[in-house]
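**Q** need a 3D model of the sequence below.
(chains A and B)
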Amino acid sequence: MTFEPATRPARSSGRRAPEARPAPPPRPRLLDAALVVVGLGFGATVGSTIIVETSSQLQAPGGVAMFLGNLTGMAGTYLALVMVLLVSRIPHIERILGQDGLLRWHRRLSPWPISLIVAHAILLTYAYAEASHSGLLAQLASFVSSYSGMLIAIIGLGFMVLAAVLSIYSVRRRLRRETWWAIHLGMYLALALAFSHELALGPSFVGHPVTQALWSIAWAATAGVVLAYRFGLPAYRTLRYRLKVVEVRRETEDVVSLILEGRNLDRLAVSGGQFFEWRFLTSKLWWQAHPYSLSARPKPPYLRLTVKAVGDHSSALAALAPGTKVAIEGPYGAFTTHARRRQKAAIICGGIGITAARALLEDLPKKSDPAVAWRVSTEEHAALAGEVEELVRRRRGTLHVVAGNREDVSLHRVARLVPDLRQRDVFVCGPESFVESMRQVLVGEGVPAEAVHYEVYAL
Amino acid sequence: MTRRTPLVSAAAMAGLGIVLLAHVGAEPRLLASSPSSAGGGSGNASSRGGSSSSGSSVSGTASGALEQYGYGELAVKLTVQKGRIVSATVTGLRTADTYSQQIAAQVIPMLRKEVLAAQSAKISGISGATYTCSAYATSVQSALDKLHLK
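**A** From the prediction side, this is the model:
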């Protein structure tokens, strides 16, 4: 089973090409440890605002608002730090939860920091106005003129609220990926702008050099992690592997495979089912990175991804010229054979989801008796069908391909194509709506939730 | 997934508990400390421009020392352009109680105006806020010293 470019057949020398290495296994204990540290930090952050408070401060007018304003500010900012860490691509954590899992946590947490920080701003403006017997607007003016770091902190709050408003009401569904990305840069900027007023005016910090140092270290470390794993590591890997397009192969009417060639690919640790963020360095595409799975395990010096034309970006890929350089971020994803808990495995996929399934299948041992159920719109759209068939046959597994759209072929029917479904690990891949509905179907069919493995390409 | 929520909650309670326990028995430091102007130590200065003797061409920013004044502590940062003080902002403010916080919030904008008008640390006090005013003035003076002005 090979996908070497047609123009350059496999080397005829008897030596086997070096194998690519699988991704390192996830270590779930690390996640537990990280969560304990995060929890301790949250408790200590809240505690640091409580211990600087005195009862006489609370009893005086404006005192309660002052205290709550400090508390919400500290708690909200700490949670914002956690949100940044959740999307910082720390490999050891990403391996456990997968990119989509981390993004789900990030999204679930997101309402908290923003509402706490807005509450902080309102409460403290009110409290200071009470204390100085002035109006809210006069107090805002005095914040800007008389207190260090407050002007940029207020500007930062503006960025933060703007980004939050743009995110609410699922505005993002109508935004381009790149716009969404730019809004998030605004969030990072907001957090950086707010930092100075925290240390200058936060009651937990003024006159407390130890708390100041800890808070500064926590933020510096977070910034370091983001820079290292979101920028440094991808840049290093891009330069190390020096990928370039060597062939664009048409698989079906709207699906193409890109075959890339690179150096040192025997050193690249990646498992079947994982994906990269790909950035094709042409004058029109260099500024956008998109996630696509590998559609086969790497065969050094070659890699392959298979893409269906659905948007501007994926359509443009069919026209890539050989020689185009490619920058990568990744590999990412926990949708690998490391997720297996049982001996037998099944793969259920919808349409172009077969690309990740095809690579995953390569990692499944024969004793897993792989059962593959695949729904495609028509037989002609079954890209990579020949390869999948051969991989299944070699493992003496079963393959069912059913053609038809959602109305013709119910998800229940697709799931029931898998023999002894309840005894298997079930890997689900395909478009987001397919994956979501299929998960419910599987649970309804009696498959335990922990035996269902999936990955959604989120933004 | 299900056991992770209790894990984080327990850790958060533990973190809170550790901080609170560590604090129990510790004296409220602010009330205990006496008015002083330790000078030196904290704060930093950066200045560009000509040397100090004329003073007219100095530009830069300096943070004054954190001054303790019995009811709290505060520090002032000055920005100077061509020998003129163009801004005075509080970079550290902590008070022992809300009454002191109220006084500080009231007088800090006034003191800023006085410093900008007088172009020096020689400001007339505000009645009822003697300690706050003197801490403000002392911190302003230490910032001026760092900038080699007046």
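
**Q** need the strands for the chain, in chain order.
**A** Here I'm looking at chain A. Secondary structure of chain A (DSSP state E): strands located at A:243-252, A:255-261, A:275-280, A:290-293, A:302-308, A:325-332, A:344-350, A:371-376, A:398-403, A:424-429, A:452-454.

**Q** oops, wrong one, chain B.
**A** B:45-49, B:58-63, B:67-68, B:72-81, B:84-95.

**Q** check the residue of chain A positioned farthest from its centre and give its pLDDT.
**A** When distances are taken from the C-alpha mean of chain A, residue A:133 lies farthest, 48.6 Å away, according to C-alpha atoms, centre = their mean. Looking at residue A:133, its pLDDT is 79.

**Q** and the gap between it and chain B?
**A** 7 Å (C-beta to the nearest C-beta, to the nearest Å). (Each C-beta comes from the backbone N, C-alpha and C, glycine too.)

**Q** tabulate the strands of chain B (a markdown table), appending mean pLDDT and mean neighbour count.
**A** Listed next are the strands of chain B as a markdown table, based on pLDDT from 0 to 100; neighbours: other C-beta atoms under 10 Å in any protein chain shown:
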| stretch | mean pLDDT | mean neighbour count |
| --- | --- | --- |
| strand B:45-49 | 44 | 14 |
| strand B:58-63 | 88 | 20 |
| strand B:67-68 | 86 | 24 |
| strand B:72-81 | 90 | 24 |
| strand B:84-95 | 88 | 22 |
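
**Q** now those in a markdown table, with distance to residue A:324?
**A** Below are these laid out as a markdown table (distance: least, C-beta to C-beta, whole Å):
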| stretch | distance to residue A:324 |
| --- | --- |
| strand B:45-49 | 48 |
| strand B:58-63 | 49 |
| strand B:67-68 | 63 |
| strand B:72-81 | 51 |
| strand B:84-95 | 52 |
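
**Q** close to chain A: what parts of chain B are there?
**A** For chain B, the contact set with chain A under C-beta under 8 Å from any C-beta of the partner chain comprises B:4, B:7-20, B:23, B:28-30, B:66, B:73, B:77, B:88-94, B:96-99, B:101-102, B:105-106, B:108-109, B:112.

**Q** show the buried residues in those residues.
**A** The neighbour count (16 or more other C-beta atoms under 10 Å in any protein chain shown) marks B:8, B:11-12, B:15-16, B:19-20, B:30, B:66, B:73, B:77, B:88-94, B:96-99, B:101-102, B:105-106, B:108-109, B:112 as buried among the residues of chain B next to chain A.

**Q** what are the neighbouring residues in contact with residue A:46?
**A** With contact set as C-beta atoms under 8 Å, 6 or more residues apart in numbering or on different chains, residue A:46 has these partners: A:71, A:74, A:75, B:12, B:15, B:16.

**Q** also residue B:129?
**A** B:103, B:104, B:106, B:107.

**Q** wait, which of the residues you listed is closest to residue A:241?
**A** When the contacts of residue B:129 are compared for distance to residue A:241 (C-beta to C-beta), residue B:104 wins out at 58.9 Å.

**Q** contacts only, for that closest one.
**A** B:72, B:74, B:93, B:95, B:129, B:132.

**Q** which residues are in contact with the fourth one?
**A** Put plainly, it is residue B:95. B:30, B:71, B:72, B:101, B:104.

**Q** could you do the last one as well?
**A** Listed by C-beta under 8 Å, 6+ apart, the contact set of residue B:132 reads B:69, B:71, B:72, B:74, B:100, B:103, B:104, B:107, B:108, B:111, B:126.

**Q** give me the beta-bridge partners of the fourth one?
**A** The reference is to residue B:74. Counting by DSSP bridges, residue B:74 is bridged to residue B:67, residue B:93.

**Q** roughly how far does it sit from residue A:206?
**A** 8 Å (C-beta to C-beta, to the nearest Å).

**Q** what do those two both touch?
**A** Joint contacts of residue B:74 and residue A:206 (C-beta under 8 Å, 6+ apart) are B:66, B:92, B:93, B:94.

**Q** just give the nearest non-adjacent residue to the first one, would you?
**A** This points to residue B:66. residue B:75 (4.3 Å; C-beta to C-beta, 6 or more residues apart in numbering or on different chains).

**Q** so the one you found sits against residue B:139, correct?
**A** Yes: Residue B:75 is within contact range of residue B:139, at 5.3 Å (criterion: C-beta atoms under 8 Å).

**Q** tell me, what's touching these two both at once?
**A** Residues touching both residue B:75 and residue B:139 (C-beta under 8 Å, 6+ apart): B:64, B:65, B:66, B:67.
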